[in-house]
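In: sequence plus the predicted model coming up.
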Amino acid sequence: MRSLELGTPDEMRAELNALVLAGTKTATTGLLEDYAKETEGLEYVGERLALLDNEGRSIATVEITGVEVKPFIEVTWRHAEAEGEGDASLEEWRAGHRRYWSRMGTPIDDHTLVACLAFRLAEVP
């Protein structure tokens, strides 16, 4: 089983995982170029992933319910809102993601390709 590691391994990951476990976070967005760097294929609908904590332990299983690749500017409010992180608008969501990826060393523009994943919480041990 492949895994899903949200955010960075610190408070951010703990907070994002808590949102998943609460059922608030049902989507995430990643840079398509990261899949190439990691030589990993995209997730697919029906695939189950181990949700990992800061120590790399599985804390739950999520099931992918949707996968879309699109330019960053085409991410919809519906997807952004499903990320469950409390953004009040699509503009706020975009600004937050731009800041995050810039801090990670990958500034993006409107045409950067992203993978939009939707998922549901399938199992909690």
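Out: All right, it came through fine. Fair warning: this is a prediction, and the values are worked out from it, not measured in the lab.
In: going forward, measure contacts between C-alpha atoms and count neighbours the same way
Out: Noted.
In: what does stretch 18-29 rub up against?
Out: Stretch 18-29 is contacted from outside by 16, 60, 79-80, 82-85, 114-121, using C-alpha atoms under 8 Å, 6 or more residues apart in numbering.
In: what is the end-to-end distance of it?
Out: By C-alpha to C-alpha, to the nearest Å, the extent of stretch 18-29 from end to end equals 17 Å.
In: and for stretch 36-45?
Out: End-to-end for stretch 36-45, by C-alpha to C-alpha: 20 Å.
In: mind listing what's buried in that stretch?
Out: Using 16 or more other C-alpha atoms under 10 Å as the test for burial, stretch 36-45 gives residue 43.
In: mind listing what's buried in the helix or strand in which residue 100 is found?
Out: Under the criterion of DSSP states H and E, residue 100 resides in helix 90-103. Of the residues in helix 90-103, 90, 93, 94, 97, 98 count as buried by neighbour count, 16+ other C-alpha under 10 Å.
In: just stretch 116-125 next, same as before
Out: Neighbour-count burial for stretch 116-125 flags 116, 117, 118, 119, 120, 121 (criterion: 16+ other C-alpha under 10 Å).
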